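In: Okay, predicted coordinates and the sequence, questions at the end:
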Amino acid sequence: MRSQDQAAELVRPVVFDYGEAAKFLRALFEYYKKTGSFSLRQRTQRVGGLSQTLVSQIINGHRQVTRDNLPALAAVFKLTKIEQDYLDKQLLGNVLKVVSNTAGEVAPAKRMAKNHILSDWVHPYVKDLVNLKGFSPEPQNLHRMLSGIVSPERIQKSVDFLIREGFWRRTPEGKIVPEESAVATTNEIPNENIRSFHKKALDIAHRGISVLPSHRRKSSTVLVSVDKNKMDELRGLVDSFQQQLLEFIEKNPQGKDSLVQVAIHLTPIGAINEESNT
């Protein structure tokens, strides 16, 4: 029987947080194991098309997820359509991209995933100021651009971190620009760091409600009564909106006018005590 604290920690992995299909499936496998309602042997026997041994090799990184085995894996791990579509696009995106240089040689296009951006919740906010009009790396200027949500001293430490860790770089002319090869990821970040970031995001949203006129912000709360077997579908709707936001960012990577926070939360409020059902 799980304690209430353990039940509170049991959150289904979010597919968009994973850069590799196999790592997401591994995290999902661990999640299902903790629920006590998942047997890999039974699932593979029921679905067919994949052996338990092959699935174990995939989630342990010894075999690859492919377009051929993804449908069966989706059935085994009970993936939502959104999750399966995302992994399918991810597999297509993992096909090696090459660029030709003037000598006719080819080189792989490589991006560096960095998962320590949330070692301090300040870093993402400071990082994304770099493209805005009026940007310069002086702490007092960034303090003004962030409307005073954090001290200049804390901002200076963040500036040093972003340059040192390769999220920003200095051009030969001394200008600070984003390092395009650096990609921030939330994969494998400690839960406490994520909590700290989410708490501060809520603090900033609360501040915005208090001080900004309604035409400059958007706040909406929808209460949903939902059956337990529909929770994954509801999470999928939130995931789908997050994917749309990511696609918007990809199409509009260097907005100049404003840094906007979009906070999405799905939070259980009132529910039957699940501990007695485990």
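Out: Nice, thanks for sending it over.

In: what about residue 84, how many neighbours?
Out: 17 (other CB atoms under 10 Å). (Glycine included, C-beta is placed from N, CA and C.)

In: no, scratch that, I was asking about residue 145
Out: Count around residue 145 with other CB under 10 Å applied: 19.

In: What are the contacting residues of stretch 148-167?
Out: Applying CB atoms under 8 Å, 6 or more residues apart in numbering, the external contacts of stretch 148-167 come out as 112, 114, 116-117, 119-120, 122-123, 125-127, 137, 139-140, 142-143, 146, 168-170, 176, 178-179, 182, 184, 204, 207.

In: Can I get that stretch as CSV, trimmed to CA atoms?
Out: Output of stretch 148-167 as CSV, limited to C-alpha atoms (Å, rounded to 0.1, in the frame of the first residue of the first chain):
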residue,chain,number,x,y,z
GLY,A,148,12.2,43.5,-10.6
ILE,A,149,11.2,39.8,-10.0
VAL,A,150,14.8,39.1,-8.9
SER,A,151,17.7,41.1,-7.5
PRO,A,152,20.5,42.4,-9.7
GLU,A,153,23.0,40.3,-7.7
ARG,A,154,21.1,37.1,-8.5
ILE,A,155,20.9,38.2,-12.1
GLN,A,156,24.7,38.6,-12.3
LYS,A,157,25.2,35.1,-11.1
SER,A,158,22.8,33.9,-13.7
VAL,A,159,24.6,35.8,-16.5
ASP,A,160,27.9,34.2,-15.4
PHE,A,161,26.2,30.8,-15.4
LEU,A,162,24.7,31.2,-18.9
ILE,A,163,28.0,32.2,-20.4
ARG,A,164,30.1,29.7,-18.5
GLU,A,165,27.7,26.8,-19.4
GLY,A,166,27.3,27.7,-23.0
PHE,A,167,23.7,28.9,-23.2
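
In: and that stretch, which residues are buried?
Out: By 16 or more other CB atoms under 10 Å, the buried positions in stretch 148-167 come out as 150, 155, 156, 158, 159, 161, 162, 167.

In: So which of the residues you listed belong to helices?
Out: Per DSSP state H, helices hold the following members of the buried residues of stretch 148-167: 155, 156, 158, 159, 161, 162.

In: and which of those is nearest to residue 68?
Out: residue 162 (41.4 Å; CB to CB).

In: looking at the chain, which helix or strand is least sure?
Out: strand 98-100 (a mean of 32; mean pLDDT, DSSP states H and E).

In: export the buried residues of stretch 148-167 to a markdown table and tack on pLDDT and distance to residue 252?
Out: A markdown table is the format used below for those (pLDDT from 0 to 100; distance: CB to CB, whole Å):
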| residue | pLDDT | distance to residue 252 |
| --- | --- | --- |
| 150 | 91 | 26 |
| 155 | 96 | 25 |
| 156 | 96 | 29 |
| 158 | 95 | 24 |
| 159 | 95 | 25 |
| 161 | 92 | 26 |
| 162 | 92 | 21 |
| 167 | 86 | 19 |
